[in-house]
Structures are given as structure tokens and as C-alpha cells.
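Participant: Sequence and predicted structure below; questions after.
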Amino acid sequence: MLNGQVTCLRLKPAETDEVYSIMRIRSVAFLLAACVLIFGARIEAHHSFGAEYDAEKPITLKGTLTKIEWTNPHCHLYLNVKETNGKITNWKFEGYPPNVLARTGFKKDVTLKVGDDLTVFAWLARNGTALAHAREITLADGRKLYFGPPAGTGEGTPIVP
């Protein structure tokens with residue numbers, strides 16, 4: 001306000017275009033960053049037992065541990081299993097998450113080591129691949145440990161009675 005008069009500043013058309021251009025650039029940058037964060041992150045849905053495994057198809061396999069993954073939401077064991085025809089198949093077994101295994105006495109790189117001979121009781125995957133949901137593992141010394149919950153429940157005590 002000058003001397004009781006209201007003054008209005010008007011931007012020149014070139015200045016208006018510049019302001020809108022800056023706003024557009026910031027909006028696009030924000031949307032791009034949001035998309036990278038949303039779609040760039042690993043998105044993995046948790047599944048039910050019945051969706052992936054068949055409770056009517058239990059299996060017991062003996063083999064040599066080739067790898068163990070201590071990851072959420074499930075730990076995974078990999079065993080080389082010798083088939084009756086002599087072919088070796090690498091099986092993947094899904095089990096409890098790391099925090100449950102730790103609470104039951106599993107120690108990373110101590111309880112299970114690559115090269116250990118194991119027997120695994122599990123349920124086969126519905127897709128017919130060398131994938132199974134492990135319930136109980138038997139170590140070479142005869143000790144039995146639960147590696148996953150009972151079929152279909154996701155519950156149950158993780159300690160062998």
C-alpha cells in the first residue's frame with residue numbers, strides 16, 4: 001500500500017511461465033522419487049501354507065547342507081539330495097523366521113553348517129519343484145529340531161518335546 005492506495009504487482013508473462021516451470025519440475029521430481037521408493041523396494045507378499053504347499057504330500061529327504069539363508073519372513077535350507085537314479089537335486093526348504101529359530105536355540109553358523117548331513121521332514125510344494133516346507137530336521141548326531149511350524153497352521157511349539 002502506497003499513500004493509501006492499493007497496488008498490485010503483476011508478473012510479466014515470461015516470469016509467470018518461469019514460476020510454473022519451476023513448480024512443474026519440482027512436482028515431477030517428487031513423483032519420480034516417490035515412484036522409485038515405492039516400486040524400487042522389494043515387494044513380497046507373505047503366503048499361506050495351503051497356497052504353496054500340500055499337507056497331503058509329506059516327504060522325508062536325506063542330504064548334505066549346501067546353503068542356509070537367515071532371512072525374513074522365512075529361513076531357507078538347501079540340501080543336495082541324491083535321487084535313486086544317482087542324480088543330485090538341490091532342494092530348498094522353507095522354515096521359521098530367524099528370530100524364532102534363535103529363540104529355540106539355533107545359532108547362526110553353529111547349529112547348522114554347510115556340509116552337515118541332515119534328514120528333513122517336510123511337505124512338498126504344489127508347483128512340483130524341489131521346494132518343500134520343512135517341519136523337523138534331524139542332525140547327523142540324532143538330535144531333532146523343529147525348523148518350521150506344523151502343516152497348515154503356522155503355529156505350534158518350535159521345540160521338539
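Facilitator: Received, thanks. Residues are numbered from 1 along each chain as shown.

Participant: going forward, measure contacts and count neighbours with C-alpha atoms only.
Facilitator: Fine.

Participant: could you pull out the strands for this structure?
Facilitator: Ranges of strands in the chain, per DSSP state E, are 53-69, 76-82, 88-94, 117-125, 131-139, 144-146.

Participant: Residues contacting the third one, please?
Facilitator: The contact list for strand 88-94, computed with Cα atoms under 8 Å, 6 or more residues apart in numbering, reads 74-83, 122, 130-134, 148.

Participant: returning to what we had before: with respect to the strands of the chain, which exhibits the lowest mean confidence?
Facilitator: The stretch with the lowest mean pLDDT among these is strand 144-146, at a mean of 89.

Participant: That strand pairs with which strands, parallel or anti?
Facilitator: Next to strand 144-146 in the sheet, as set by DSSP bridges, lie strand 131-139 (antiparallel).

Participant: Which parts of the partner strand count as buried, going by neighbours?
Facilitator: 131-139 (16 or more other Cα atoms under 10 Å).

Participant: can you check stretch 119-128 too?
Facilitator: In stretch 119-128, counting by 16+ other Cα under 10 Å, buried: 119-125.

Participant: ok, of those residues, which one's closest to P97?
Facilitator: Nearest to P97, judged by Cα to Cα, of these is A122 at 16.1 Å.

Participant: nearest spatial neighbour of that closest one, skipping sequence neighbours?
Facilitator: Across the structure, with Cα to Cα, 6 or more residues apart in numbering as the measure, the residue nearest A122 apart from its sequence neighbours is A134 (4.1 Å).

Participant: how much space between that neighbour and I22?
Facilitator: As defined by Cα to Cα, to the nearest Å, A134 lies at a distance of 57 Å from I22.

Participant: Please apply the same query to E56.
Facilitator: Using Cα to Cα, one obtains 62 Å as the distance from E56 to I22.
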